[in-house]
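> structure here, sequence nowhere to be found:
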């Protein structure tokens, strides 16, 4: 039993390290590409990559710790996702007001590469999706990333086809909404686990 648990932890840590390296690299790539292409959706995706990199680092730090600390980490990640989502929506509103026209070709190339990378990460973390709040939060982040990358590709097609920046703004709004939804899910799950854990301790004390 102990050997199985140790093996599971080792696989979890290895998966997190790979995810951290991939997300850190794509944060830098999409940050530069998003500014050059004047794309709100690419900038939203870049910020999401940064948030996930921080989340994976936090998850690595608390791996093997008690449930209380893992839940605290999940709460922090959920709060971070909510803050990033608000920034994405504000940045998108600015781009829509300014009427910027993104470069569809850059969006398509970078979005496609990011989708491939996040698809690999999501498949790698799929086995951990029903774990504790910390594991579940990592899976939700990865799933949202893959959906967001696909949305960037659709935005690129929309910009190319219409010659306007509205498809980019719409997709960025959707990504911001996904961030809000994912953050709320993570916070709720972590709070529920914390309440259950505290109730269990109280019963044990009695």
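Arrived safely. Since this is a predicted model, take the numbers as computed values, not measurements. Numbering: from 1, shown residues only.
> how much space separates the residue nearest the centre of the chain from residue 53?
By CA atoms, centre = their mean, the mean C-alpha position of the chain lies nearest to residue 141, the distance being 3.3 Å. Distance of residue 141 to residue 53, computed by CB to CB, to the nearest Å: 10 Å. Backbone N, C-alpha and C define where each C-beta goes, glycine included.
> by mean pLDDT, which helix or strand of this protein comes out lowest?
helix 166-205 (a mean of 76; mean pLDDT, DSSP states H and E).
> and that one, how far out from the chain middle?
Mean C-alpha position of helix 166-205 versus that of the full chain (CA atoms, centre = their mean, to the nearest Å) differs by 12 Å.
> same question for stretch 37-44.
On CA atoms, centre = their mean, the centre of stretch 37-44 falls 16 Å from that of its chain.
> again with stretch 144-162
On CA atoms, centre = their mean, the centre of stretch 144-162 falls 16 Å from the chain's centre.
> show me what it is in contact with.
With contact meaning CB atoms under 8 Å, 6 or more residues apart in numbering, stretch 144-162 is reached by 23, 39, 41-42, 44-45, 48-49, 52, 101-102, 104-105, 107-108, 110-112, 114-115, 118-119, 121-122, 165-168, 170-172, 174-175, 178-179, 182.
> just the buried residues of these.
23, 39, 41-42, 44-45, 48-49, 52, 101-102, 104, 107-108, 110-111, 114-115, 118, 121-122, 165, 167-168, 170-172, 174-175, 178-179, 182 (16 or more other CB atoms under 10 Å).
> what strand or helix carries residue 50?
helix 40-62 (DSSP states H and E).
> enumerate the positions of the following helix or strand past that helix that are buried.
Next along the chain after helix 40-62, taking DSSP H and E as the criterion, comes helix 67-98. Neighbour-count burial for helix 67-98, counted by 16+ other CB under 10 Å, picks out 70-78, 80-82, 84-85, 88-89, 91-92, 95-96.
> average pLDDT for stretch 93-113?
The pLDDT scores in stretch 93-113 average 88.
> ok, the closest residue to residue 81 other than its chain neighbours to residue 69 distance?
Closest residue to residue 81 apart from its sequence neighbours, by CB to CB, 6 or more residues apart in numbering: residue 183 at 3.5 Å. Separation of residue 183 from residue 69 (CB to CB) stands at 20 Å.
> likewise residue 56?
16 Å.
> before we move on, what about residue 155?
Taking CB to CB, one finds residue 155 at 39 Å from residue 69.
> how many neighbouring residues does residue 176 have?
The number of residues packed near residue 176 is 26, by other CB atoms under 10 Å.
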